[in-house]
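Asker: sequence plus predicted model, see below.
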Amino acid sequence: MYAPDFLTELFRNPLDPGYADAAAARRRKGESTPAQGWRAWSGRSVSLAVVVVLGFLFAVAYRQTMADEPGRAQARSGLVAQIKDRESQTDRLSQRADQLREEVSRQRDAALSGSTAARLRDLEASTGLGRVRGDGVVVRLADAPGNADAVTGAGAGPPRVLYSDLQGVANALWSAGAEAIAINGQRLTSTSTIRSAGEAILVDFRPVTGPYEVSAIGPGSMRRQFEASRNAALMREVAQQTGLSFGVRGADDLTLPAAPEPQLRYAKPSVSPSPSVSGGRSGSPGSSGPSATASPSGGGR
């Protein structure tokens, strides 16, 4: 008397009868046609063969890679050893150069009078060719950890310290009254350069790595003027947005090393032809102007 409702029938028989009939027809058709069964079996065999061949190729490539790995590791270790050897050799030569520079300074002070030697030392300190000591400021910059926040957008800018950042900090310190500046122990002079080569930062063509410390010796007001500068405000904003580390602290009794001896090239005046006598005329009466005179170097027109 009572027909089952739709939901009861749906849960009792979830599969539509048409799907069941189609599945039964495919089974009957597969049983009645052996050729289709053969094609299915051959397709599975081909797939299995392809999988076996790919596995063999991967195994051969892996064994070849592992066989070549010792050679690459040896070459890499050899290059690393050469780099470390050159670095240690450069450090030894730099120490030897500093010792020779100090010896030259002592010999020069002994040969010159007291006032002349003191004036020369002051000139060396102001040009960066002499070691200096005094109170000053240390500005520290370090790369961000590299965990940019995708929700707040923090870390959207470059998370690394750029060479332009060091340039801006050095220029701001000069403007604040700094008398001597060094970046990670590299003394800056009037001919110093701060550039980038790939991901490395070069100070006078010498690589420096983070964290970067810009040390400056100057008057007591230098820190206040630097922190009020536009560059310091920009670096604080960049540090807040990208996660860079930027800090300024005072330092007592800083010692900044001397810069290497620069290789200067001097300009020489060009040799011009010697002037002729003013108002005079030479040559035959028909000549229209002063005769050309040879220059001291033998040239001239």
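Answerer: Happy to help now that I have it.
Asker: only C-alpha atoms from now on, for both contacts and neighbour counts.
Answerer: Noted.
Asker: and residue 44, how far is that from residue 28?
Answerer: From residue 44 across to residue 28, the span is 21 Å (C-alpha to C-alpha, to the nearest Å).
Asker: swap in residue 271?
Answerer: Taking C-alpha to C-alpha, one finds residue 271 at 110 Å from residue 28.
Asker: then residue 220?
Answerer: 99 Å.
Asker: the more surrounded of those two?
Answerer: Using other C-alpha atoms under 10 Å, the more surrounded residue of residue 220 and residue 28 is residue 220, with 14 against 11.
Asker: list the contacts of the more buried one.
Answerer: Residues in contact with residue 220 (C-alpha atoms under 8 Å, 6 or more residues apart in numbering) are 135-136.
Asker: sec struct for it, please.
Answerer: coil (DSSP: H, G, I helix; E, B strand; the rest coil).
Asker: quick one, grab the pLDDT at it.
Answerer: Here the pLDDT value assigned to residue 220 is 88.
Asker: ok, it to residue 136 distance?
Answerer: 7 Å.
Asker: quick one, helices of the stretch 151-300 of the chain?
Answerer: 163-175, 222-227, 230-242 (DSSP state H, counting those that start in this stretch).
Asker: let's have these in TSV, adding distance to residue 79 and mean neighbour count.
Answerer: Shown next, in TSV, are those (distance: least, C-alpha to C-alpha, whole Å; neighbours: other C-alpha atoms under 10 Å):
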stretch	distance to residue 79	mean neighbour count
helix 163-175	27	18
helix 222-227	43	19
helix 230-242	35	17
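Asker: turn the ones you listed into TSV, columns for distance to residue 260.
Answerer: Putting the helices of the stretch 151-300 of the chain into TSV (distance: least, C-alpha to C-alpha, whole Å) gives the following:
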stretch	distance to residue 260
helix 163-175	19
helix 222-227	26
helix 230-242	28
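Asker: for the protein, what helix or strand is lowest in average pLDDT?
Answerer: The weakest-scoring helix or strand in the chain, judged by mean pLDDT, DSSP states H and E, is helix 6-12 (a mean of 69).
Asker: next helix or strand past that helix?
Answerer: Moving toward the C-terminus from helix 6-12, the next helix or strand (DSSP states H and E) is helix 17-32.
Asker: what's downstream of that following helix, the next helix or strand?
Answerer: Past helix 17-32, the next helix or strand by DSSP H and E is helix 34-111.
Asker: ok and that following helix relative to helix 17-32, angle-wise?
Answerer: Angle of helix 34-111 versus helix 17-32, following axes from the mean of the first three to the mean of the last three C-alpha atoms, to 10 degrees, is 100 degrees.
Asker: where exactly do the strands run in the stretch 201-301 of the chain?
Answerer: Remark: strands assigned in the stretch 201-301 of the chain by DSSP state E, counting those that start in this stretch are 206-208, 212-217, 245-256.
Asker: avg pLDDT for the shortest one?
Answerer: Confidence for strand 206-208, expressed as mean pLDDT, is 86.
Asker: just checking: what are the partner strands of that strand?
Answerer: Strand 206-208 pairs in its sheet with strand 200-203 (antiparallel), by DSSP bridges.
Asker: and the partner strand, what's buried?
Answerer: For strand 200-203, the buried set under the neighbour-count rule, 16 or more other C-alpha atoms under 10 Å, comprises 201-203.
Asker: let me know the closest of those to residue 267.
Answerer: residue 203 (25.5 Å; C-alpha to C-alpha).
Asker: now that closest one. Nearest residue, chain neighbours left out?
Answerer: residue 194 (4.7 Å; C-alpha to C-alpha, 6 or more residues apart in numbering).
Asker: please apply the same query to residue 207.
Answerer: residue 201 (5.6 Å).
Asker: pretty sure residue 227 is touching residue 234, no?
Answerer: No. The criterion here is C-alpha atoms under 8 Å, and residue 227 misses it with residue 234 at 10.4 Å.
Asker: which residues do those two both contact?
Answerer: Common neighbours of residue 227 and residue 234 (C-alpha under 8 Å, 6+ apart) do not exist.
Asker: between the helices of the stretch 151-300 of the chain, which one is closest to residue 254.
Answerer: helix 222-227 (14.3 Å).
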